[in-house]
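# curious how this folds, go ahead:
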Amino acid sequence: MTDPRTAPTQQYPTSLLTSDAAPERTMRAGTVVWGLILFVVAALTFVVTTLEPDFVTGEVVVWAVVGLGAVLVAAGVIGAIARAARRRDDD
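Now for the predicted structure:
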């Protein structure tokens with residue numbers, strides 16, 4: 001086993017460490033979608049626990065899950081189209 005104090009160090013090119021070479025960071029759609037889902041769940045929980053509405057039944061919960069699923073599918077399709085367009089522009 002080598003001693004870390006005497007182990008050889010690897011030299012990296014300084015051009016890789018500059019901010020010019022850093023890739024541009026873009027917004028991640030998955031993070032936004034999951035954030036919105038958690039927000040909706042938190043809001044629904046807040047409404048149910050504080051107001052105790054009579055309209056929140058099993059059927060409403062099922063339709064809410066179906067609606068969130070539709071939003072996820074739509075976001076996935078939009079993301080795939082945007083990704084394909086970016087790849088086409090890069091080529």
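
# only C-alpha atoms from now on, for both contacts and neighbour counts.
Will do.

# middle-most residue in this structure, spatially?
Centroid-nearest residue in the chain, with CA atoms, centre = their mean: Thr31, separated by 1.8 Å.

# what's the neighbour count on Ala42?
If you count neighbours by other CA atoms under 10 Å, Ala42 ends up with 12.

# could you name the helices and strands sitting against the strand or helix carrying it?
Per DSSP states H and E, Ala42 falls inside helix 29-51. If contacts are counted by 3 or more CA pairs under 8 Å, 6 or more residues apart in numbering; DSSP states H and E, helix 29-51 sits against helix 58-90.

# quick one: average confidence on the helix it packs on?
Throughout helix 58-90, pLDDT has a mean value of 84.

# could you give the angle of it to helix 29-51?
160 degrees (axes from the mean of the first three to the mean of the last three CA atoms, to 10 degrees).

# and helix 58-90, how far out from the chain middle?
Relative to its parent chain, helix 58-90 has a centroid offset of 12 Å by CA atoms, centre = their mean, to the nearest Å.

# so for it, what gets flagged as buried?
Residues of helix 58-90 classed as buried by neighbour count (16 or more other CA atoms under 10 Å): 68, 72.

# what does the helix holding Ala42 rub up against?
With contact meaning CA atoms under 8 Å, 6 or more residues apart in numbering, helix 29-51 is reached by 53, 56, 68, 72, 75, 79.

# output these as JSON lines; include the columns distance to Thr26.
Converted to JSON lines, these look like this (distance: CA to CA, whole Å):
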{"residue": "Pro53", "distance to Thr26": "40"}
{"residue": "Val56", "distance to Thr26": "38"}
{"residue": "Leu68", "distance to Thr26": "24"}
{"residue": "Leu72", "distance to Thr26": "20"}
{"residue": "Ala75", "distance to Thr26": "16"}
{"residue": "Gly79", "distance to Thr26": "13"}
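
# for Thr49, give its distance to Ala43.
Distance, Thr49 to Ala43, using CA to CA, to the nearest Å: 10 Å.

# returning to that earlier point: just the CA trace of the helix holding Ala42, in PDB.
Taking C-alpha atoms only, helix 29-51 is exported to PDB below (Å, rounded to 0.1, in the frame of the first residue of the first chain):
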ATOM      1  CA  ALA A  29     -37.100  19.500 -16.100                       C
ATOM      2  CA  GLY A  30     -37.300  16.500 -13.900                       C
ATOM      3  CA  THR A  31     -36.500  18.500 -10.900                       C
ATOM      4  CA  VAL A  32     -39.100  21.100 -11.700                       C
ATOM      5  CA  VAL A  33     -41.800  18.400 -12.300                       C
ATOM      6  CA  TRP A  34     -41.000  16.500  -9.100                       C
ATOM      7  CA  GLY A  35     -41.000  19.900  -7.200                       C
ATOM      8  CA  LEU A  36     -44.500  20.700  -8.600                       C
ATOM      9  CA  ILE A  37     -45.800  17.200  -7.700                       C
ATOM     10  CA  LEU A  38     -44.500  17.600  -4.100                       C
ATOM     11  CA  PHE A  39     -46.000  21.000  -3.900                       C
ATOM     12  CA  VAL A  40     -49.400  19.700  -5.000                       C
ATOM     13  CA  VAL A  41     -49.300  16.900  -2.500                       C
ATOM     14  CA  ALA A  42     -48.300  19.300   0.300                       C
ATOM     15  CA  ALA A  43     -51.100  21.700  -0.700                       C
ATOM     16  CA  LEU A  44     -53.700  18.900  -0.800                       C
ATOM     17  CA  THR A  45     -52.500  17.700   2.600                       C
ATOM     18  CA  PHE A  46     -52.700  21.200   4.000                       C
ATOM     19  CA  VAL A  47     -56.200  21.700   2.700                       C
ATOM     20  CA  VAL A  48     -57.400  18.300   4.000                       C
ATOM     21  CA  THR A  49     -55.900  18.800   7.500                       C
ATOM     22  CA  THR A  50     -56.900  22.400   8.100                       C
ATOM     23  CA  LEU A  51     -60.200  22.800   6.300                       C
END
